[in-house]
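Q: Any chance you can model this:
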Amino acid sequence: MVSVSKKKLKSSCVTLDAPVLMIHNAPKEKMAVWMDKEWLPDLIDQIKDTKVKVKSLRYHENKITIRFASPKDATMFRLTYEHRTKKKVF
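A: Here you go, the predicted model:
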């Protein structure tokens, strides 16, 4: 399990590595291009299954930031996301 600092536990934001590129499509405007078409729908399904409240989603180069309604919602999502993405050794 990944160790999380107390500061992270009190945060209502989660930043994840994501297969997304930001492409300039107009001056001062960027568009998100997803390299894996199933990644975002799977993430949204996981958020719905976890039943947490999301305030906003923000895309960055190779990252996505999710702002939740409360730090408890963010912690619940972190735990379920870690369980979902945990690599199986055997």
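Q: who does the lengthiest helix in the chain touch, helix- and strand-wise?
A: The longest helix of the chain (DSSP state H) is helix 71-85. Under the contact criterion of 3 or more C-beta pairs under 8 Å, 6 or more residues apart in numbering; DSSP states H and E, helix 71-85 touches strand 13-17, helix 39-50, strand 63-68. C-beta coordinates here come from the backbone N, C-alpha and C atoms, glycine included.
Q: 6 Å - rerun?
A: Judged by 3 or more C-beta pairs under 6 Å, 6 or more residues apart in numbering; DSSP states H and E, the packing partners of helix 71-85 are helix 39-50.
Q: then the next helix or strand after the helix it packs on to PDB, C-alphas only?
A: Using DSSP states H and E, the helix or strand that follows helix 39-50 in sequence is strand 54-60. Extracted C-alpha coordinates of strand 54-60, given in PDB (Å, rounded to 0.1, in the frame of the first residue of the first chain):
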ATOM      1  CA  VAL A  54     -17.200  15.100  -7.700                       C
ATOM      2  CA  LYS A  55     -16.900  18.900  -8.000                       C
ATOM      3  CA  SER A  56     -14.600  19.100 -11.000                       C
ATOM      4  CA  LEU A  57     -12.300  17.300 -13.400                       C
ATOM      5  CA  ARG A  58      -9.200  19.000 -14.900                       C
ATOM      6  CA  TYR A  59      -6.900  17.700 -17.500                       C
ATOM      7  CA  HIS A  60      -3.200  18.300 -17.600                       C
END
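Q: tell me what strand 54-60 is packed against?
A: Applying 3+ C-beta pairs under 6 Å, 6+ apart, we find strand 54-60 packed against strand 63-68.
Q: All set now, cheers.
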